[in-house]
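In: sequence-free structure coming up:
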């Protein structure tokens, strides 16, 4: 079997999605670690060989490289129960994964990165100017999730799918970005539900 | 067959992706139009019935609603040649579609919306403060695309896929966001290639 290696920073929720997917499926996954804050994914070698976008995660399959966390989850889960077979449900799962990358991650993950890893005293005036908009948009994303989860155990269908994994990664550490989850009780119950899945692994 | 209706604003590249997918596949697609600038997707009825996120496009399939442009393209193209069968290529196609939503659309489409539809004189100080970052990130996205297309006719494999459709939508009108394509010759050749596909339809 082709060896699969995750190029990652363990502090990244985008990397955690892929490790959680592999764990839930019982798949082996080698890892190679980088410090994104120290610029280790912006070296000429990384840009040339791993990802010209300078970002992790990248999933390496043999000598091919697959960037984008949700695409890597899709690759690992192909043919498994983490991807629904029904064509509407499959598209609906992708709908939540695109929502995660467009409406959730740029707000909740970015606020966590700025506040928890960079520190508010080190932020640029331009970053500070964006904080209020990101705070509002992050709350809107959590509110939309809470509305959906108030009537459903999982984002799509009757069992866990990649949509849950993708959204769990940064939601369960949203407090590190200053987003308290007390206003989103259905989200809190869903976090507990995901955490109790067989073969669940914590982030880190 | 279940009737499929696109809830759209014809000025939106995200809506155009779905219409182009349907056209290339020869699928019938009803449309219902909204003026996003006039707030027609933020009415209580729209939020309650169509999309609690207040965004278009939404693809309506019978009485079910599917938001997120790239998920709607996936639904329409399911089982067609626009989605590669090979598992790496399929994930790699999704990789470019997530790249589009994360690294391309928020910069290139947002700048187009601000400059072409809102007008620079009407922008808020907060929007103006973000323009330089969006300009840089948009150029980085175009540069990454150009690097890939310098060696490939299409984003994935040897033929057009949803990755090309997703990225074409806002790239071919990038000049309306102030992004000249003269520095990206491989992107310009690829735009011409997409425009000459059988059953291609223009935006609008």
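Out: Perfect, I can see it now. Worth saying up front: this structure is predicted, and the values here are computed from it rather than measured. Numbering: from 1, shown residues only, chains lettered A, B, ... in the order given.

In: count of neighbours near residue A:42?
Out: Close neighbours of residue A:42, defined as other Cβ atoms under 10 Å in any protein chain shown, add up to 12. No exception for glycine: its C-beta is placed from N, CA and C like everyone else's.

In: doesn't it fall inside a strand?
Out: No. Secondary structure of residue A:42 (DSSP: H, G, I helix; E, B strand; the rest coil): coil, not part of a strand.

In: what residues are up against it?
Out: residue A:54 (Cβ atoms under 8 Å, 6 or more residues apart in numbering or on different chains).

In: Which pLDDT value goes with it?
Out: Looking at residue A:42, its pLDDT is 95.

In: Please report phi then psi for it.
Out: phi -120, psi 10 (degrees, to the nearest 10).

In: Could you check how far it is from residue B:7?
Out: 41 Å (Cβ to Cβ, to the nearest Å).

In: same question, residue A:21
Out: Plainly put, residue A:21 is 32 Å away from residue B:7 if you go by Cβ to Cβ.

In: ok, now residue A:24?
Out: Residue A:24 is 35 Å from residue B:7, where distance means Cβ to Cβ.

In: try residue A:176
Out: The spacing between residue A:176 and residue B:7, counted by Cβ to Cβ, is 36 Å.

In: So those two - more neighbours on which side?
Out: Shown here are residue A:176 and residue B:7; by other Cβ under 10 Å, residue B:7 has more neighbours (23 against 17).

In: residues touching the more buried one, list them.
Out: B:31-32, B:34, B:41, B:50-51, B:56-60.

In: Check the gap between it and chain A for me.
Out: Between residue B:7 and chain A the distance is 14 Å, computed by Cβ to the nearest Cβ, to the nearest Å.

In: which residue packs closest to that residue, ignoring adjacent ones?
Out: The shortest distance from residue B:7 to any non-neighbouring residue, by Cβ to Cβ, 6 or more residues apart in numbering or on different chains, is to residue B:58 (4.3 Å).

In: Start and end of stretch A:107-117, how far apart?
Out: Using Cα to Cα, to the nearest Å, one end of stretch A:107-117 lies 15 Å from the other.

In: Identify each buried residue in that stretch, please.
Out: By 16 or more other Cβ atoms under 10 Å in any protein chain shown, the buried positions in stretch A:107-117 come out as A:107-114.

In: just checking, which of those belong to helices?
Out: A:110-112 (DSSP state H).

In: Adding distance to chain B and pLDDT, write these out as CSV.
Out: What follows is these, written out as CSV (distance: Cβ to the nearest Cβ, whole Å; pLDDT from 0 to 100):
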residue, distance to chain B, pLDDT
A:110, 11, 97
A:111, 16, 98
A:112, 16, 97
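
In: What is the neighbour count of the residue nearest to residue A:113 when sequence neighbours are not counted?
Out: Closest residue in space to residue A:113, ignoring its immediate chain neighbours: residue A:177 at 7.9 Å, by Cβ to Cβ, 6+ apart. Neighbour count for residue A:177, taken as other Cβ under 10 Å: 20.

In: Please determine how far residue A:84 is located from chain B.
Out: Distance from residue A:84 to chain B, by Cβ to the nearest Cβ: 12 Å.

In: Which residues of chain A lie near chain B?
Out: When proximity is defined as Cβ under 8 Å from any Cβ of the partner chain, chain A approaches chain B at A:52-53, A:61, A:64, A:66-72, A:74-75, A:78-79, A:87-88, A:90-92, A:94-95, A:97-99, A:101-103, A:105-106, A:126, A:129-130, A:132-133, A:144, A:147.

In: which other residues reach the helix or strand hosting residue A:188?
Out: Assessed by DSSP states H and E, residue A:188 sits inside helix A:185-195. Applying Cβ under 8 Å, 6+ apart, the external contacts of helix A:185-195 come out as A:142, A:145-150, A:153-154, A:160, A:164-165, A:168, A:171-172, A:181-182, A:200.

In: Only the buried subset of those, as a PyMOL command please.
Out: Listed next is the PyMOL selection for buried residues among these, using 16+ other Cβ under 10 Å:
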select buried, chain A and resi 142+145+146+148+149+154+160+164+165+168+171+172
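
In: Please spell out which residue in chain A sits farthest from the middle.
Out: The outermost residue of chain A relative to its centre, with distances by Cα atoms, centre = their mean, is residue A:125 at 27.0 Å.

In: Need the per-residue pLDDT for that residue.
Out: On the pLDDT scale, residue A:125 gets 88.

In: Likewise for the one 5 residues further on?
Out: According to the predicted model, the pLDDT of residue A:130 comes to 89.

In: Check the offset of the helix or strand that contains it from the chain's centre.
Out: Assigned by DSSP H and E, residue A:130 belongs to helix A:125-149. Mean C-alpha position of helix A:125-149 versus that of the full chain (Cα atoms, centre = their mean, to the nearest Å) differs by 16 Å.

In: I'd like the next helix or strand past that helix.
Out: With secondary structure assigned by DSSP H and E, helix A:125-149 is succeeded by helix A:162-171.

In: Which residue ranges make up the domains of chain A?
Out: With domains defined by automatic domain parsing, chain A comprises A:4-77, A:87-195.

In: now those as CSV including distance to residue B:121?
Out: Compiled in CSV, these are given as follows (distance: least, Cβ to Cβ, whole Å):
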stretch, distance to residue B:121
domain A:4-77, 34
domain A:87-195, 20
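
In: for the ones you listed, which one sits closest to residue B:138?
Out: Closest approach to residue B:138 among those is made by domain A:4-77 (13.7 Å; Cβ to Cβ).
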